[in-house]
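# 3D, please:
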Amino acid sequence: MQRKNTRASSDGSCENQNKRRRVCNDKVNRHKFHRERACLPGSRWNGKQPHKPANIVTQFREPMRAIRYNPIGVIHSTLKSPSGTPLQSVSAKHLKGTVEVLPSYQQGLKDITGFSHLILIYHFHLSRKMSLVVRPYLDKKVHGIFATRAPVRPNPIGISIVRLREVEGRVIWVEDLDVVDGTPLLDIKPYVPEFDVRRAKSIGWYEQGISKLHETRADARFTR
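You can find the predicted model right below:
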């Protein structure tokens, strides 16, 4: 009987030790998990209080560093002024032009002829000072700049989808071009419908003015 009790006591002690080990390991793993989550960009976790969301506002108290881009080329077109230009490239049917890439970027044009359309990303160099509220071309009401395609943006960047016709060296011949002559080019991307086409359920205030897109032309309201 004495041996039996000793064995039972020994078994119970082992079980308690195993439980303590498991609890300890669980605590260590949880602490490690929360510590790693707290290091992730945009994490809502905090090492000491993982259940408490971080104060997102305090993360942007210091001014962010300026971002600088250098043009990779220039866009040439028959449009010499923003006034009278089509509002979008879909309204610039058959308007031709060229995209001239700087010599140092010519190698990046390899295999570009395999695409029928390109996305041009450029700088609105003729736009006046930024405005957060604007009266766009297709409406008489004022809207927030991020609800419009107006060029007077905090970062005046434009995009256009154009048809690729030919490539000669570092010059790309394009069509359906709605960009003013001399516009600095920032980037070129291939247009891929499977990447870029979405079936939109709503287009906001554009519902009322989209029917006037093809007949409306830009004026000087956003030009400096």
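# Now for L95, how many residues are close by?
Using other Cβ atoms under 10 Å, L95 is surrounded by 19 other residues. In short, each C-beta sits where N, CA and C put it, glycine included.
# my bad, I172
The local packing of I172 (other Cβ under 10 Å) involves 25 other residues.
# Bridged to the nearest residue to V179 once chain neighbours are set aside, which residues?
In space, V179 comes closest to I75 once its chain neighbours are excluded; the distance is 4.9 Å by Cβ to Cβ, 6 or more residues apart in numbering. Beta bridges link I75 to V99, T183, judged by DSSP bridges.
# could you list every residue that touches I75?
97-100, 120, 122, 177, 179-185 (Cβ atoms under 8 Å, 6 or more residues apart in numbering).
# Type out the ChimeraX command that picks the buried ones from those.
Selection of buried members from the contacts of I75 for ChimeraX, criterion 16 or more other Cβ atoms under 10 Å:
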select :97,98,99,120,122,177,179,180,183,185
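# I'd like the contacts of I75 laid out as a markdown table, including distance to I67 and pLDDT.
Output for those, formatted as a markdown table (distance: Cβ to Cβ, whole Å; pLDDT from 0 to 100):
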| residue | distance to I67 | pLDDT |
| --- | --- | --- |
| G97 | 28 | 97 |
| T98 | 28 | 98 |
| V99 | 23 | 98 |
| E100 | 24 | 98 |
| L120 | 20 | 98 |
| Y122 | 16 | 98 |
| L177 | 27 | 97 |
| V179 | 22 | 96 |
| V180 | 24 | 96 |
| D181 | 26 | 97 |
| G182 | 23 | 97 |
| T183 | 19 | 97 |
| P184 | 15 | 98 |
| L185 | 17 | 98 |
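# Looking at the contacts of I75, which is nearest Y137?
V180 (15.2 Å; Cβ to Cβ).
# wouldn't the closest one be in contact with S83 here?
No. The pair V180 / S83 is not scored as a contact, 9.7 Å apart, by Cβ atoms under 8 Å.
# before we move on, back to that, please tell me how far the residue nearest to V179 sits from I188.
10 Å (Cβ to Cβ, to the nearest Å).
# And V90, by the same measure?
Applying Cβ to Cβ to V90 and I188 gives a distance of 19 Å.
# Report the spatially closest residue to E175, excluding sequence-adjacent ones.
In space, E175 is closest to R163, 4.3 Å off (Cβ to Cβ, 6+ apart).
# sorry, back to before: return the distance of the residue nearest to V179 relative to K141.
From I75 to K141 the distance is 31 Å (Cβ to Cβ).
# now A218
Distance, A218 to K141, by Cβ to Cβ: 18 Å.
# again, but for T78
32 Å.
# Also L126?
Counting by Cβ to Cβ, the gap from L126 to K141 is 25 Å.
# Of those two, which one has the most company?
Taking neighbours as other Cβ under 10 Å, L126 and K141 compare with L126 leading, 16 against 9.
# wouldn't that one be in contact with T223 here?
Yes. L126 is in contact with T223 according to Cβ under 8 Å; the separation is 5.5 Å.
# hey, what's in contact with both of these two?
Common neighbours of L126 and T223 (Cβ under 8 Å, 6+ apart) are P82.
# per-domain residue ranges of this protein.
2-60, 73-194+203-212 (automatic domain parsing).
# which residues touch V74?
V99, E100, G182, T183, P184, L185.
# How about K93?
D176.
# before we move on, what SS does it have?
Under the three-state scheme (DSSP: H, G, I helix; E, B strand; the rest coil), K93 adopts coil.
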